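Chemist: Below are the sequence and a predicted model for it; my questions follow.
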Amino acid sequence: MNAQEPLRRAARPVMDAVLSSKKDLGFAGLKLEDGFVRVWWKGDVPAQVEPVLAQARLNAPVKVDSARFSREELRETAEAIRKDLAVNPRGPLHAVGIESDGSGVYVEAETPQARKDLGRTYDSIGSSVPVEIKIAERAIPAGRMNDTAPFYGGMRIVSDDGPVCTAGWPVAATSNPRFQYLLTAAHCTGMYTHWRNGDRSVYVGQTLLERTDHDLALIHVPDGVGRQMWDGGVAGGWNTSPEFSKRIMGWDHVYEGQWLCQSGQRSGAVCNFEVVTSGDYSYCGTDPYGNYACHYDLFRADQISGQGSLPGDSGGPVFYPNTAGYVHPVGVTSGSAPGSLIFQDIYTALADFPIQMRTY
């Protein structure tokens with residue numbers, strides 16, 4: 001992760017330019033490779049983007065390859081498939097994503113599927129855009145222990161309704177920083193759900209805002225949140241080392257090929273997750289309340305030793321550390337599949353809610 005620092009510095013201005021544009025610039029995807037940043041573009045790179053690439057190349061080599069489709073074009077097909085998934089909970093497909101090289105869209109099924117058979121259930125599969133069928137186990141919404149105010153990210157939270165999840169990042173309202181929240185996963189909660197700490201000894205707060213499509217929710221915390229995150233291990237988790245906390249620095253975008261960590265109340269802090277999708281991954285599953293729901297615009301990362309997120313890690317922080325011992329927020333855990341982590345990025349959370357990160 002430290003070796004990727006110049007790559008992240010190079011990638012950030014490119015992503016900022018793409019995400020701030022209100023029109024399709026032809027951008028298809030971006031990936032952190034070994035020693036350079038690869039960008040895929042449909043057609044010629046627009047004149048207004050060339051200075052951005054020049055700025056990026058001051059930090060690391062940037063290679064631009066051609067793409068068949070732009071990301072915006074592929075999103076139209078992905079969105080149609082998402083709608084098909086949402087109305088077919090018993091269908092064989094459970095996820096959809098966009099290839100970063102702009103070659104097409106892919107869907108995931110647990111067993112091999114014939115395209116002609118899928119076409120009878122999913123009208124969107126017959127589009128002119130290539131749709132690859134991949135075999136993958138169905139993801140499930142992933143469902144330290146006695147924290148007190150000011151509360152930290154990564155703590156265990158228990159709802160009055162029963163689900164046990166992980167608190168994500170400490171945030172505050174942009175209009176008034178005295179109104180403070182914990183960002184977590186929407187599938188863990190419902191509107192106005194009350195939460196306590198891990199041993200139920202202290203009241204934490206109440207869910208007041210949610211975006212179920214992006215699997216994000218805000219728990220209002222009257223007694224305030226800190227600017228730190230729980231790190232280290234938990235008993236019975238992948239990481240069983242002693243727990244400790246780390247200070248939170250500025251947030252960052254997520255890039256395919258990036259190496260990340262997560263900190264969940266069930267797994268502990270686990271690193272060596274490599275991001276393997278763009279931010280257009282979607283999946284459908286059943287939440288702790290028995291509701292079938294679909295979550296959109298996510299990322300998926302695979303852990304090199306198979307230590308994926310576990311049920312109960314949902315809502316927890318996804319991050320990367322720096323050499324000074326701080327952590328940089330990049331996402332919030334949404335779901336788990338064997339050896340993998342599915343998460344929503346901080347950029348989307350900041351766009352969905354009028355909040356700012358609590359950082360040093």
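Modeler: Cool, the structure landed. The structure presented is a predicted model; accordingly, all values stated were derived computationally and were not measured.
Chemist: Please, which helix or strand holds the residue of the chain positioned farthest from its centre?
Modeler: The C-alpha centroid of the chain is most remote from residue 116, which lies 32.4 Å away (C-alpha atoms, centre = their mean). Element membership for residue 116, per DSSP states H and E: helix 115-121.
Chemist: swap in residue 349?
Modeler: helix 346-352.
Chemist: Kindly report the same for residue 40.
Modeler: strand 37-41.
Chemist: Report the buried residues of the helix holding residue 349.
Modeler: Along helix 346-352, these residues count as buried under the neighbour rule (16 or more other C-beta atoms under 10 Å): 346, 347, 348, 349, 350, 352. Any C-beta I mention is one placed from the backbone N, CA and C, and that applies to glycine too.
Chemist: Could you save the residues you listed as TSV and add columns showing pLDDT and distance to residue 259?
Modeler: Shown next, in TSV, are the buried residues of helix 346-352 (pLDDT from 0 to 100; distance: C-beta to C-beta, whole Å):
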residue	pLDDT	distance to residue 259
346	98	17
347	97	18
348	98	20
349	98	21
350	98	23
352	98	26
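Chemist: From these, pick the one nearest residue 66.
Modeler: Nearest to residue 66, judged by C-beta to C-beta, of the buried residues of helix 346-352 is residue 347 at 26.1 Å.
Chemist: Any idea how many residues pack against the closest residue to residue 334 other than its chain neighbours?
Modeler: Take residue 334 and drop its neighbours on the chain: the residue closest to it by C-beta to C-beta, 6 or more residues apart in numbering is residue 215, 4.4 Å away. Residues contacting residue 215 under the criterion other C-beta atoms under 10 Å number 31.
Chemist: Would you map the strands across the stretch 251-360 of the chain?
Modeler: 259-264, 268-275, 281-286, 292-303, 317-321, 327-337, 340-345, 355-357 (DSSP state E, counting those that start in this stretch).
Chemist: And the stretch 101-250 of the chain, by the same measure?
Modeler: With DSSP E, counting those that start in this stretch as the criterion, the stretch 101-250 of the chain has strands spanning 105-109, 131-135, 140-141, 151-153, 156-159, 164-166, 170-173, 180-184, 194-197, 203-211, 216-220, 225-231, 244-247.
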